[in-house]
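# what's the 3D shape of this:
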Amino acid sequence: MTTPALPSIHRIGVVGGGAWGTALALASLRAGREALLWAREPAVVEAMVIHRENRDYLPGVPLPAELAVTGDLAEAGACDALLLVSPAQHARAVCARLAPLLRPGVPVIVCAKGIELDSFALMSEAVAAALPAGTPVAILSGPTFAAEVARGLPTAVTLACEDAELGAALVAALGSRTFRPYRSDDVVGSQIGGAVKNVLAIACGVVEGRRLGDNARAALITRGLAEITRLALALGGRAETLMGLSGLGDLTLTCSSLQSRNMSLGAALGEGRALADILAARRSVAEGVYTAAAVVGLAGRLGVDMPICAAVDAILNRGAGLDETIDGLLARPFRGEGV
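Residues are numbered from 1 along each chain as shown. Next up is the predicted model:
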């Protein structure tokens with residue numbers, strides 16, 4: 001059986017016109033590719049075309065004339081590779097719209113971090129189910145603030161792809177001096193790190209808002225990494241992946257800065273603000289709000305103990321009080337560190 005030739009990647013389509021999608025379109029240009037940015041909202045597309053700036057999601061960053069912007073998904077489907085940056089809970093639906101528009105063999109690189117709430121599916125599973133059979137799917141994850149990537153500041157990410165040749169081609173297409181993908185074949189582990197860290201960042205934000213101290217935040221990051229690793233191993237991922245950019249790297253960044261949408265949301269909760277009020281004041285998505293319940297549901301299905309994630313889910317979705325939930329975590333029995 002002849003192996004299909006790898007596609008030539010000259011034009012990269014970015015599906016999702018938020019801050020991260022815009023930043024990745026700019027990174028694609030810096031890598032020497034043509035780039036097309038698709039946004040769902042016509043007003044956002046029009047504003048970017050007129051003002052050459054994404055004033056709604058990434059203000060202050062100029063968009064060069066060579067960056068094409070469109071609201072026509074068929075234009076994105078005609079590109080040589082697609083970066084899928086739609087929010088995790090909408091990725092399947094967007095791919096269902098993309099499916100009849102894609103040319104055979106065009107790779108789709110999932111850049112959203114989450115677990116599907118209704119099905120507990122990883123993004124790779126949800127996307128593959130909606131795309132034509134045989135569509136190559138890869139994962140891009142790691143410690144990234146969109147504003148820094150957009151400005152061309154040095155960034156390293158994980159690009160996970162089961163096909164080594166395709167993974168190398170994608171790294172070559174996206175990599176530049178300041179945007180450095182490191183290739184992995186652990187698609188599962190790379191996704192778990194990116195999804196669960198958003199939930200843990202909310203917990204670290206609560207620590208910040210409640211003034212519980214840096215010791216508590218460091219403990220949460222470390223014990224949270226243990227929770228991430230347990231879930232990844234149960235799904236077939238590798239522990240060493242979680243020591244890399246898509247695990248420890250992303251967790252450290254997201255849990256250490258109020259630039260993080262998830263950590264800042266947790267901080268607001270810790271200060272006593274209501275979740276509904278916090279969400280109403282934002283346009284951007286804090287994926288951890290939706291991923292918390294999915295992580296806990298998936299962990300329960302697999303018999304994996306994830307007490308920090310369960311505590312965040314209880315606060316967000318089950319009406320649990322902050323102080324009683326924190327007290328419950330602190331009252332857990334002492335145990336060995338490796339358990």
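
# Walk me through the domains of the chain.
Per automatic domain parsing, the structural domains of the chain span 11-185, 189-330.

# So for the spatially most central residue of the chain, what's the pLDDT?
With distances taken as C-alpha atoms, centre = their mean, the residue of the chain nearest its centroid is residue 113 (2.5 Å). If you check residue 113, the pLDDT there is 96.

# Okay, it and residue 86: tell me how far apart.
Separation of residue 113 from residue 86 (C-beta to C-beta, to the nearest Å) stands at 12 Å. Bear in mind the C-beta positions are built from the backbone N, C-alpha and C, glycine included.

# now residue 316
As judged by C-beta to C-beta, residue 316 and residue 86 stand 22 Å apart.

# what does residue 207 give?
In this view, residue 207 and residue 86 are 30 Å apart by C-beta to C-beta.

# I'd say residue 150 and residue 21 touch.
No. With contact defined as C-beta atoms under 8 Å, residue 150 does not reach residue 21; the gap is 10.3 Å.

# Show me which of those two is the more surrounded one.
Each of residue 150 and residue 21 has its neighbours counted (other C-beta atoms under 10 Å); residue 21 has more, 25 against 22.

# coming back round to it: dump the domains of the chain to TSV, plus distance to residue 336.
As requested, the domains of the chain are exported to TSV (distance: least, C-beta to C-beta, whole Å):
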stretch	distance to residue 336
domain 11-185	28
domain 189-330	11
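
# Need the phi and psi values for residue 237.
Torsion angles at residue 237 (phi, psi; degrees, to the nearest 10) stand at phi -80, psi 180.

# what's the answer for residue 56, then?
Note on residue 56: backbone dihedrals following degrees, to the nearest 10 are phi -80, psi -40.

# Burial check on residue 179, number of neighbours?
Here the number of neighbours of residue 179 (other C-beta under 10 Å) works out to 22.

# C-terminal to the host helix or strand of residue 263, which secondary structure element comes first?
In the assignment (DSSP states H and E), residue 263 maps to helix 261-270. In the C-terminal direction, the helix or strand that comes right after helix 261-270 (DSSP H and E) is helix 275-280.

# Now do the buried residues in that following helix.
For helix 275-280, the neighbour count (16 or more other C-beta atoms under 10 Å) marks residue 278 as buried.
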